[in-house]
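K.L.:
For reference, the sequence and a predicted model appear below.
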Amino acid sequence: MKLQKKNRRLDLEFLRGFAVIIVFLFHYNKQIFPYYYVGVDLFFLVSGYVIIKSILSKKTFNIFEFYLKRIKRIYPALFVILSIFILYFLLLYNFNEGEYIDTILSALTSLFGISNYYYTTNPNYFYFSPEIKFLHHTWSLSVEIQFYILIGLILYLLTNLTNPESRLKNIKFCFLLISFASLFFFFISTNKFLSGYYVLPGRLWEFLFGGILYLYSPKKKILNFNLLIITFFLFFLLLGIFNPKIDYKIIIIFTVIYFALTIAYSNFYDSSGINKIVLFFGKISFSFYLWHLIVLTFYKNTFNNTYFDFSLNFLLSVFLSFLTFIYVEVKFNKKSNLDNYFIKTFKLFLLFALVLIVYLQIFNQNPLSNLRNFVFQKSIQLFNKIKKPQLNNHSGVFVISYDSCHNKYENFSWSVGTNCLIDNSDETLFYIAGNSYGDIIVPTIATTNHQITLYKSRFENCYIEKATSCNFVNLDSAITQFSNISKMFKNKFFIVSLSNTSFSELKIKRLLQVINKDVHVIFMYRHPSFTEFNSSETFERYKLTKNKDFNIIKKLEIERNIYLFDNFKNLCNDCEHLEYKALFNDDVGHFTLETSLNLNKNFEKFIKTIKSF
């Protein structure tokens, strides 16, 4: 029996179920299923078809009713699942510092529909990293929310402000134009806010392809739906085994075109039990999508059972999803007598939000940065109240554990952030300027025997590195912040700790020009990662670059108070391979806590060689 009844497209419901299943497989094991991330792209295609069809199939379009339906569809389940998750995470889970701050910020940004931009600005969130993180998948939900807002506005304007006779033509033209622009961003642009993996501008074409499918849908069905699904599943499974490193953009464009043809030219029949099972997953797909990565991350970070972990994770995700679907989604998706009141309230909220956005963007941006700083400061305070003993010291993130102060100078902007950690001295200031390599030396400095004040600020490799462009406005802002903080201190140490590859003499000179001459500038020269150390070829390159960089600093030492602290020499200059590997928690070269603490002894000796201290 053909399941294309009335306006219900069960083939689309099936595709939702299929999409969420393959996304689960991808997150379960990215090595075995490296290309099944495209389940998200299938979601986008189907969502575009369904949403645009739901708007254009009606005689009139009430934008506020549309937004209310989207809110009722998304936020009850999202709020319930996030609330349960956060309570469990804070009360029962043995989180480390990095997991804590990422989780809190991911949860907050996902509620506001902007977690995709949080992940875009945070380089620690590489989507294809083997590591899985609790709320990483909410990026796609944020993209969906942003699409709903945008498509509602576009279709409201096109359906209400254009000539009815040319309306459909205008809509088709608009969709095609935006799709081409989005595809251009997706393939050509290097701006991460236009073409990054997580952002809407480079993803709009996927949604709009769904809308174009609805508008141009052919009547003749000549392909076998089930055969197309099985072929896709097996093809990508085999492709992942034999060629797992194809560019994701090629994989995505192939997937969208493949399923666009599937939707347009195939028939779907309810002829097997498997179809009914996948249709069930289509119904619970939203809850299943939200739950599955939370369940997988908890399990993989807590247990090590390789025999039953797939079935346990899968069944637990299904069980929780079914409960959420029945008791939250079904209940809140129904029409309510309160809907009209919600719409009136929503109109007032939108008016207020519009006025507020205009005010904040044009007249006063300080409240946004103040709010961001407030959230970070309160999150850090909460962490230090509820932090738990760690099972090991290999987390590689240990800044906020040493954070015991906050003041007016703090700024948690990603590009020019400054964080007060210790405030125990009016005489001696240590100011760490660095990226993640600055984070890992915080315990080294914080455990000194002297009374000090300690700050950690965000700094970029490009400020001192060869052959990379840089935003020197950010550098000027960072140095201005340092100058304001350091005014009252007698002993000032500006410590540059970066994962840089080679020094630029001109850039270092530029840096020194904007730092007062009474400041002691210490370059904590990067150590080789274990991967570099383990290969004779890359280790030789490291040593050659190091010699060149040391010569640059020696030339400049004559004019300024500049010092070199050789991380590698002070860590383990004569290490065997396994001994050296034990110093780090990853292949990038981030110290374990024990390594950072052990480095303190040699750093103390080094500081004593600076006479003014």
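P.N.:
Good, I have the coordinates.
K.L.:
contacts and neighbour counts: CA atoms only from here.
P.N.:
Noted.
K.L.:
show me where pLDDT drops low in the stretch 451-600 of the chain?
P.N.:
Under the criterion pLDDT under 70, no range of the stretch 451-600 of the chain is flagged.
K.L.:
Strands of that one, start to end?
P.N.:
453-458, 491-497, 520-525, 562-566 (DSSP state E, counting those that start in this stretch).
K.L.:
Export those strands as TSV, with columns for mean neighbour count.
P.N.:
Below are the strands of the stretch 451-600 of the chain laid out as TSV (neighbours: other C-alpha atoms under 10 Å):
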stretch	mean neighbour count
strand 453-458	24
strand 491-497	22
strand 520-525	20
strand 562-566	18
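K.L.:
Redo those as CSV? Include distance to residue 408.
P.N.:
Formatted as CSV, the entries for those read as follows, by distance: least, C-alpha to C-alpha, whole Å:
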stretch, distance to residue 408
strand 453-458, 13
strand 491-497, 19
strand 520-525, 24
strand 562-566, 29
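K.L.:
can you list the domains in the protein?
P.N.:
Residue ranges for the structural domains of the chain, counted by automatic domain parsing, are given in the record as 10-333, 339-364, 400-608.
K.L.:
do you know how far residue 536 is from residue 577?
P.N.:
12 Å (C-alpha to C-alpha, to the nearest Å).
K.L.:
circling back to that earlier point, mind telling me which of the domains of the chain the model trusts least?
P.N.:
Within these, the stretch with the lowest mean pLDDT is domain 339-364, showing a mean of 84.
K.L.:
Could you work out the end-to-end span of stretch 563-575 for me?
P.N.:
Between the opening and closing residues of stretch 563-575 lies a distance of 25 Å (C-alpha to C-alpha).
K.L.:
Same question for stretch 323-343.
P.N.:
Counting by C-alpha to C-alpha, the length from the leading to the trailing residue of stretch 323-343 is 28 Å.
K.L.:
Show me the contact partners of that stretch.
P.N.:
The contact list for stretch 323-343, computed with C-alpha atoms under 8 Å, 6 or more residues apart in numbering, reads 64-65, 68-69, 72-73, 76-77, 81, 284, 287.
K.L.:
Also stretch 572-591?
P.N.:
In this structure, residues lying in contact with stretch 572-591 by C-alpha under 8 Å, 6+ apart are 394-396, 436-437, 440, 527-531, 533-534, 592, 594-595.
K.L.:
for stretch 127-140, same thing?
P.N.:
Here stretch 127-140 makes contact (C-alpha under 8 Å, 6+ apart) with 27, 30, 40, 99, 103, 106-107, 110, 114-117, 119, 125, 197-198, 290, 293-294, 297-298.
K.L.:
Send me that stretch as PDB with only the CA atoms.
P.N.:
Included here for stretch 127-140 are C-alpha records, laid out as PDB according to Å, rounded to 0.1, in the frame of the first residue of the first chain:
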ATOM      1  CA  TYR A 127      33.500  18.900  14.400                       C
ATOM      2  CA  PHE A 128      35.400  15.900  13.100                       C
ATOM      3  CA  SER A 129      37.600  15.500  16.200                       C
ATOM      4  CA  PRO A 130      37.500  11.900  17.600                       C
ATOM      5  CA  GLU A 131      36.500  13.400  21.000                       C
ATOM      6  CA  ILE A 132      32.800  13.600  21.600                       C
ATOM      7  CA  LYS A 133      31.200  16.300  23.700                       C
ATOM      8  CA  PHE A 134      27.800  16.400  25.400                       C
ATOM      9  CA  LEU A 135      26.100  19.200  23.500                       C
ATOM     10  CA  HIS A 136      28.200  19.500  20.400                       C
ATOM     11  CA  HIS A 137      25.200  18.400  18.200                       C
ATOM     12  CA  THR A 138      23.100  21.400  19.300                       C
ATOM     13  CA  TRP A 139      24.900  23.400  16.600                       C
ATOM     14  CA  SER A 140      22.500  22.000  14.000                       C
END
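K.L.:
Brilliant, that's me finished.
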